[in-house]
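[1] Output the structure for:
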Amino acid sequence: MCCTDPATRARVDSYLDWHHNYLRRGSSGLTFSTQFAKALGVMSDEEIARAKVESTALLKRSLRIMEQSYLPESGAFLMGMSHPSIADLAASTELFMTQQLTGFDLAPWPRVVAWLDLVKKSLPDSWPRAHTSLMKVVKARSARKAAAEAKAAAEKSGVAVNNTSASAVSSSRGSGGEWSPAAQSLQAGSIFSAIREQLSSPDGAEAVQKLQSLFRFVVTPASGAPVTWLLDLKNGSGSIVEVADAAAAPKADTTFLLSDDNFVALATGKLNPQVAFLGGKLKLQGNLAKAMAFNSNVFGKPNIKAKILAAVQQNQTIKAKL
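    Residues are numbered from 1 along each chain as shown. Okay, here's the model as predicted:
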């Protein structure tokens, strides 16, 4: 794949210069606006809609140019080369990601479709390895979509669907008295106790009204097994329970997975949720938009935050005396 002669290298460089200003701008713009912008809370609905239209138009225009100028003949790589170069890698991975995540249809550009297939076939080992994470995301999305469609179809036909509520786990530890010993050893335990006390407050009632969701938190200690809490901000006035058997608990709309230290930092405002997510300190499953809304409607509420800070301070004081 290396280009040694100056003329070939110049051709590759010329494509890459065009690629970053046209094809990549359109492709990445469409992917970000449709897949990440809303969840990260960095764009309004109006801005997202406008960005989607603009990036789609740029991507389509770029694909036309790609066929006319960079794929002059069928059965060849970019710029008519007989072997793939870094130009082919940059373009193919960009388009493949956009196609998989957004469902963008490449069919109107048959020469691009044939070229992309050619690149895949020329890299039988490295192509699947390079896209392992991407395909896991795509597979998980497809599974969730299929499950949702099956549930909707079953409900429409009157078939009983397992729709267990949070009350099904009310016998778990934490529904009344203390959390389990493992949960009590975590700083998160005192924070969830503080949040539970605030569910009956105006801030708590507002959170339930706005979020209308079930949230699962899987918090991992420095050593030992993770502890799971289920926050029901959907039914009644809300509830928080520690889940002993995750398999028996209802499916959460959003699941947070993080360490105890990072949970404390997130809850007290010392760790930005977007930074935590992008930096790998926070993993999310399910509805990302709900995750971001949870932060502002629970951790961001002044009265709830004050209780959380007091609980953390008290917990740290007790540990310091031990």
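[2] Can you spell out the domain ranges of this structure, please?
    Here the domain assignment for the chain is 6-130, 134-161, 166-321, based on automatic domain parsing.
[3] Need those in JSON lines (columns: mean neighbour count and mean pLDDT).
    (C-beta placed from N, C-alpha, C; glycine too.) Converted to JSON lines, the domains of the chain look like this (neighbours: other Cβ atoms under 10 Å; pLDDT from 0 to 100):
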{"stretch": "domain 6-130", "mean neighbour count": "16", "mean pLDDT": "91"}
{"stretch": "domain 134-161", "mean neighbour count": "11", "mean pLDDT": "70"}
{"stretch": "domain 166-321", "mean neighbour count": "18", "mean pLDDT": "82"}
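[4] residue ranges for the helices of the stretch 101-250 of the chain, please.
    110-122, 126-130, 132-156, 181-184, 187-198, 202-211 (DSSP state H, counting those that start in this stretch).
[5] which residues sit in contact with the nearest residue in space to residue 256 that is not next to it in sequence?
    Nearest non-adjacent residue to residue 256, counting by Cβ to Cβ, 6 or more residues apart in numbering: residue 217, 4.8 Å away. Neighbour list for residue 217: 188, 192, 228-231, 255-256, 258, 263 [criterion: Cβ atoms under 8 Å, 6 or more residues apart in numbering].
[6] Residue 14: which of the residues you listed is nearest?
    Comparing the contacts of residue 217 against residue 14 with Cβ to Cβ places residue 258 closest, at 45.3 Å.
[7] how far away is the closest one from residue 296?
    Separation of residue 258 from residue 296 (Cβ to Cβ, to the nearest Å) stands at 18 Å.
[8] Kindly report the same for residue 209.
    From residue 209 to residue 296 the distance is 14 Å (Cβ to Cβ).
[9] ok, back up a step: who does the residue nearest to residue 256 bridge with?
    residue 229, residue 256 (DSSP bridges).
[10] Quick check: which element contains residue 56?
    helix 45-65 (DSSP states H and E).
[11] Tabulate the contacts of residue 217 (JSON lines), appending distance to residue 131.
    As requested, the contacts of residue 217 are exported to JSON lines (distance: Cβ to Cβ, whole Å):
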{"residue": "188", "distance to residue 131": "35"}
{"residue": "192", "distance to residue 131": "38"}
{"residue": "228", "distance to residue 131": "31"}
{"residue": "229", "distance to residue 131": "35"}
{"residue": "230", "distance to residue 131": "34"}
{"residue": "231", "distance to residue 131": "35"}
{"residue": "255", "distance to residue 131": "25"}
{"residue": "256", "distance to residue 131": "27"}
{"residue": "258", "distance to residue 131": "27"}
{"residue": "263", "distance to residue 131": "32"}
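[12] just to revisit the earlier point, and of the helices of the stretch 101-250 of the chain, who's closest to residue 283?
    helix 132-156 (12.4 Å).
[13] residues contacting residue 216?
    So residue 216 contacts 228-231, 243, 249, 252, 254-256 (Cβ under 8 Å, 6+ apart).
[14] out of those, who's nearest residue 311?
    Relative to residue 311, the closest of the contacts of residue 216 is residue 229; by Cβ to Cβ it sits at 14.3 Å.
[15] need the contact list for that closest one.
    Residue 229 touches 174, 183, 188, 192, 216-217, 219, 240-243, counting by Cβ under 8 Å, 6+ apart.
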